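Novice: what follows is a protein structure lacking sequence information:
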């Protein structure tokens with residue numbers, strides 16, 4: 001009669017140790033021509049079943065060892081559950097859902113505070129003024145709304161004069177270093193993309209563009225971004241390090257009217273990369289693009305702030321939905 005065995009996370013199948021965090025699984029595998037009994041064969045099955053049972057419901061074993069942690073390719077722990085069973089890690093997660101932004105919208109030229117940690121800037125080259133407003137999800141939402149959250153809408157307004165609408169963080173958020181791991185992900189929408197000299201830009205940059213009416217390429221601020229113009233109707237991605245070295249790369253992803261687009265940017269410093277080289281990775285709708293092997297700290301560390309910008313004319317919209325960021329707050333293999 002076969003043995004009916006249910007994995008036990010507390011069991012010890014000698015010579016393997018009790019299942020636990022970072023405990024190696026020792027399975028005894030019989031060899032040909034060995035004299036065997038049931039115990040010799042079942043040890044390997046039992047120890048695997050016990051460890052699977054522990055994985056299904058992890059149990060702490062020692063006060064000085066985390067119950068579970070997740071590591072990168074260089075085996076540096078980032079996040080997990082500590083020895084007390086609390087979700088922990090040396091990382092920062094930040095989310096922006098725009099619910100506390102200026103509910104009435106902004107149409108007055110100039111700059112000021114937009115929803116606490118943000119600043120806005122509205123600049124025009126003529127009489128038509130750009131605007132910044134909010135939309136909320138739901139069945140009656142306008143076409144410029146995104147379904148995931150409240151959406152902030154940057155609008156160049158009607159007219160032929162080029163103007164600019166910008167939202168950026170009021171202060172820098174993160175400093176680049178060889179140990180930095182950073183990600184930014186968001187949904188954007190651009191229901192129209194015809195017009196005079198229009199560009200859509202979203203990313204991280206050093207310094208401020210408040211009050212500026214020049215194009216993004218002319219700003220020469222260090223950072224990285226997704227960038228698109230109505231000239232070619234395709235997304236590009238760009239990096240510019242602290243030494244001023246700039247790289248513009250084109251993608252095959254078109255600016256599709258009314259379609260929501262998922263954008264993601266990752267920065268990995270040399271000390272956190274599995275090949276010990278710095279990288280900036282770009283993703284569109286979950287597809288990874290050619291990464292840029294650029295050291296954002298070349299020439300000195302830079303302090304980055306997120307920004308969202310539209311520039312152009314002819315009443316164009318650029319809608320930004322919920323935005324998510326994450327980065328490590330300690331060097332090397334640090335976990336609490």
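Specialist: Received, thanks. Computed from a prediction, not measured in an experiment: that's the story for all the values here.
Novice: tell me which helix or strand of the protein sits lowest on mean pLDDT?
Specialist: The helix or strand of the chain with the poorest confidence is helix 216-219; it has a mean of 78 (mean pLDDT, DSSP states H and E).
Novice: check which residues of that helix are buried.
Specialist: Residues of helix 216-219 classed as buried: 216, 219 (neighbour count, 16 or more other CB atoms under 10 Å). Every C-beta, even on glycine, is put in place using the N, C-alpha and C of the backbone.
Novice: do a quick rundown of the strands in the stretch 151-300 of the chain.
Specialist: 151-155, 163-169, 174-175, 181-189, 199-205, 223-229, 234-240, 246-254, 260-268, 279-284, 287-288 (DSSP state E, counting those that start in this stretch).
Novice: helices or strands up against the third one?
Specialist: It refers to strand 174-175. If you count contacts as 3 or more CB pairs under 8 Å, 6 or more residues apart in numbering; DSSP states H and E, strand 174-175 packs onto strand 303-312.
Novice: what strands flank the strand it packs on, and is each parallel or antiparallel?
Specialist: For strand 303-312, the paired strands and their directions (DSSP bridges) are strand 163-169 (antiparallel), strand 174-175 (antiparallel), strand 199-205 (antiparallel).
Novice: least reliable of these by average pLDDT, please.
Specialist: Mean pLDDT is lowest for strand 174-175 out of those, coming in at a mean of 86.
Novice: other residues contacting it?
Specialist: Contacts of strand 174-175 with the rest of the structure, by CB atoms under 8 Å, 6 or more residues apart in numbering, involve 180, 182, 204, 301-304, 327.
Novice: of these, closest to residue 11?
Specialist: Among the contacts of strand 174-175, residue 327 lies closest to residue 11 (CB to CB), at 40.4 Å.
Novice: what would the strands of the stretch 151-300 of the chain look like in CSV with distance to residue 68 and mean neighbour count?
Specialist: Formatted as CSV, the strands of the stretch 151-300 of the chain follow (distance: least, CB to CB, whole Å; neighbours: other CB atoms under 10 Å):
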stretch, distance to residue 68, mean neighbour count
strand 151-155, 36, 25
strand 163-169, 33, 24
strand 174-175, 26, 16
strand 181-189, 19, 20
strand 199-205, 31, 24
strand 223-229, 32, 24
strand 234-240, 35, 21
strand 246-254, 37, 14
strand 260-268, 23, 21
strand 279-284, 26, 20
strand 287-288, 27, 12
